[in-house]
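J.: I'd like to go over a predicted model; first the sequence, then the structure.
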Amino acid sequence: MHREILKLTDVCKDFSGIEVLRNVNLRLCDRHILGLVGENGAGKSTLMNILGGIHRMSSGSMELFGEPYDPKNPADSKRAGIAFIHQELNLFSNMSVAENMFIDSGKHHRFGFVSAQARRKETNGILKRLNINARANTLVENVPIGVRQLIEIAKAIAQNARIIIMDEPTTSLSNSEKKVLFDLMRELKTQGVAIIFISHALDDIMDMCDEVAVLRNGETIGEQLPVSRITKDEMISRMIGREISQLYPYVEKSLGDEVFGVHGITKRGVVDDISFSLRKGEIVGLFGLMGAGRSELAHILFGIDKPDSGKIVFDGEEKKGAKPLQWVRTGMAYITESRRDNGLLMPKSVEDNLIIVDLKNMKRRLGALNRKLASEKSKQMKERLNIRTYSLRRQPVGSLSGGNQQKVVIGKWLMINPTVFLIDEPTRGVDVGAKYEIYTHINELAKNGSSVLFISSEMEELMGVCDRILVMNSGRIAGGVDRPDYSQETLIKLAIGER
Ligand SMILES: Nc1ncnc2c1ncn2[C@@H]1O[C@H](COP(=O)(O)OP(=O)(O)OP(=O)(O)O)[C@@H](O)[C@H]1O
Ligand SMILES: [Mg+2]
């Protein structure tokens with residue numbers, strides 16, 4: 001039998017009167033992985049912030065290892081054995097792995113004062129024990145993102161954590177990095193650690209968790225259940241309060257002429273002889289493993305990077321050395337994969353952020369902003385993507401939940417009808433209901449004549465919405481598959497270079 005080590009009873013939280021959590025109940029057993037799922041803005045991170053001592057609950061009670069628990073700050077929670085790996089990672093990139101490992105353990109560390117050498121030795125020991133491919137002396141900035149995630153976990157182990165909270169740890173990982181993380185999570189269980197795992201990838205929740213709890217609108221919905229006793233569909237209906245019959249809307253479209261042509265684009269060491277074209281109204285997927293060169297290609301197409309050779313033709317005309325601003329003027333839109341430089345103005349309101357791309361269409365004749373129109377359009381987008389905000393005008397975008405910020409990034413670009421739309425991993429961290437809306441919206445754009453290049457590492461998503469999928473491998477296009485001939489197997493084979 002697994003012992004219950006953490007119990008939350010009727011936990012409530014409000015931010016200056018706005019209720020975010022209401023009577024949340026949760027329990028975590030020894031050596032278990034508890035999945036926590038819910039729509040963007042449901043309150044998952046807030047709940048974890050309370051556990052991690054970042055926020056205080058407004059009312060309710062918590063019990064940890066049979067004792068009352070109410071951390072006043074992150075240090076309290078760490079001392080109690082809880083480690084928190086945040087949605088945004090927390091490592092110092094200009095310091096070494098070892099320095100990061102012990103940065104805030106200070107004198108709580110069991111050796112008392114630690115010499116650099118001892119620190120390095122222990123770090124290497126932990127890295128080895130957890131099978132993490134990194135060395136103590138390497139600077140974090142030189143470590144791939146996926147491995148940084150693992151280092152955060154190693155850091156938790158160095159601090160003797162008994163419970164590790166992982167808030168959407170897989171959003172920036174490649175499939176192979178994800179596998180390493182999951183192996184590590186299984187290993188941690190056998191070493192006596194319990195995990196709370198937050199994710200929007202419900203298949204991962206099914207694979208990895210012992211139990212699952214669902215939050216909707218700040219409340220726990222239904223009983224917390226072993227994953228063997230709940231289906232994915234049930235999870236979805238608990239999360240969004242209704243059933244979704246299909247996850248991917250696809251509409252038949254009539255494709256027009258070639259709009260965007262890429263001819264022999266080459267940049268040494270990055271991409272090699274890339275040629276393809278987009279037709280009017282076509283959605284083309286770009287699949288590949290991480291490091292295959294997809295995002296680098298997008299950078300070149302949008303004029304952020306320059307190719308060594310090759311040409312890009314738009315509407316029959318070669319665009320030589322066009323810069324991003326020129327591309328935007330011709331009607332190209334680009335959603336980058338990096339959440340950090342997605343161009344949100346954090347202190348500005350949700351509405352101000354939503355209207356920014358389409359600003360020129362929201363002005364009156366003399367140049368003043370037409371607030372009424374701006375509000376109307378923002379409200380439509382908010383409803384469409386179900387952006388969780390208490391006020392479009394008053395809430396700063398920076399205080400939205402992670403997934404809702406991503407919805408704003410997408411929403412602002414959806415406000416215009418771009419001729420060519422480059423989108424790179426747009427649905428990471430977005431809940432299932434909103435994903436459906438985003439796909440629907442992309443379909444409609446295509447139906448109205450936009451051409452879309454859809455970069456993603458999620459095969460199912462690409463197979464669900466694209467007319468055609470190109471696969472990149474080591475900087476080259478390894479092949480393409482048309483709807484409906486594609487299968488996961490063909491895509492993977494192309495991606496890893498097998499024939
Ligand atoms: N400091 C804050 N001030 C005001 N509102 C906040 C604050 N922090 C969170 N909220 C609100 O609390 C609600 C819950 O947010 P939370 O980040 O917990 O959601 P989440 O379930 O983690 O969503 P996601 O899946 O998008 O990460 C959101 O509506 C958010 O805007
Ligand atoms: Mg969150």
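T.: Alright, I've got the coordinates. Ligands and ions are numbered 1, 2, ... in the order given.

J.: CA only for contacts and neighbour counts going forward, please
T.: OK.

J.: quick one: low-confidence ranges for the stretch 351-499 of the chain?
T.: 499 (pLDDT under 70).

J.: Residues of this protein that sit close to ligand 1?
T.: 15, 20, 39-46, 388-389, 399-404 (CA under 6 Å from any ligand atom).

J.: Which of those fall within helices?
T.: Judged by DSSP state H, helices contain the following of the residues of the chain next to ligand 1: 44-46, 402-404.

J.: quick one: which of those is nearest residue 275?
T.: residue 403 (33.9 Å; CA to CA).

J.: on that earlier part again, report the buried members of the residues of the chain next to ligand 1.
T.: 20, 39-46, 388-389, 400-404 (16 or more other CA atoms under 10 Å).

J.: which stretches of the stretch 201-350 of the chain have low pLDDT?
T.: Within the stretch 201-350 of the chain, the stretches with pLDDT under 70 are 338-342.

J.: where do the strands sit along it?
T.: 211-216, 219-220, 225-226, 258-267, 271-279, 283-288, 309-314, 317-318, 332-335 (DSSP state E, counting those that start in this stretch).

J.: Sheet-wise, list the partners of the second one with their directions.
T.: Each strand that pairs with strand 219-220, with its direction, by DSSP bridges: strand 211-216 (antiparallel).

J.: what residues does the partner strand touch?
T.: 26, 32-39, 42-44, 205, 220-227, 235, 238-240 (CA atoms under 8 Å, 6 or more residues apart in numbering).

J.: Among the residues you listed, the buried ones, what's the PyMOL command?
T.: Burial among the contacts of strand 211-216 is assessed by 16+ other CA under 10 Å; the matching PyMOL selection reads:
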select buried, resi 26+32+33+34+35+36+37+38+39+42+43+44+205+220+221+224+227+235+238+239+240
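
J.: Excluding sequence neighbours, find me the nearest residue to the closest residue to ligand 1 within the stretch 251-400 of the chain.
T.: The stretch 251-400 of the chain approaches ligand 1 most closely through residue 400 (3.7 Å), counting by CA to the nearest ligand atom. Distance criterion CA to CA, 6 or more residues apart in numbering; nearest residue to residue 400, sequence neighbours excluded, is residue 389 at 6.9 Å.

J.: Now residue 451: phi and psi?
T.: phi -110, psi 140 (degrees, to the nearest 10).

J.: count of neighbours near it?
T.: 29 (other CA atoms under 10 Å).

J.: and it, what does it touch?
T.: 259, 278-283, 419-421.

J.: if we take the residues you listed, which one ends up nearest to residue 322?
T.: Distances from residue 322 to those, taken by CA to CA, are shortest for residue 420, at 14.4 Å.

J.: Quote the end-to-end distance of stretch 76-87.
T.: By CA to CA, to the nearest Å, the extent of stretch 76-87 from end to end equals 20 Å.

J.: number of nearby residues for the residue in the stretch 201-350 of the chain that ligand 1 sits nearest to?
T.: Of all residues in the stretch 201-350 of the chain, residue 218 sits closest to ligand 1, at 7.3 Å by CA to the nearest ligand atom. Close neighbours of residue 218, defined as other CA under 10 Å, add up to 24.

J.: Next, it: phi, psi?
T.: According to degrees, to the nearest 10, residue 218 has phi 80, psi 10.

J.: gap between it and residue 23?
T.: 8 Å.

J.: How about residue 403?
T.: 23 Å.

J.: With residue 475 instead?
T.: When residue 475 is compared with residue 23 (using CA to CA), they lie 51 Å apart.

J.: Compare the two (neighbour count), which wins?
T.: residue 475 (22 against 17).

J.: Please consider this matter closed, and thank you.
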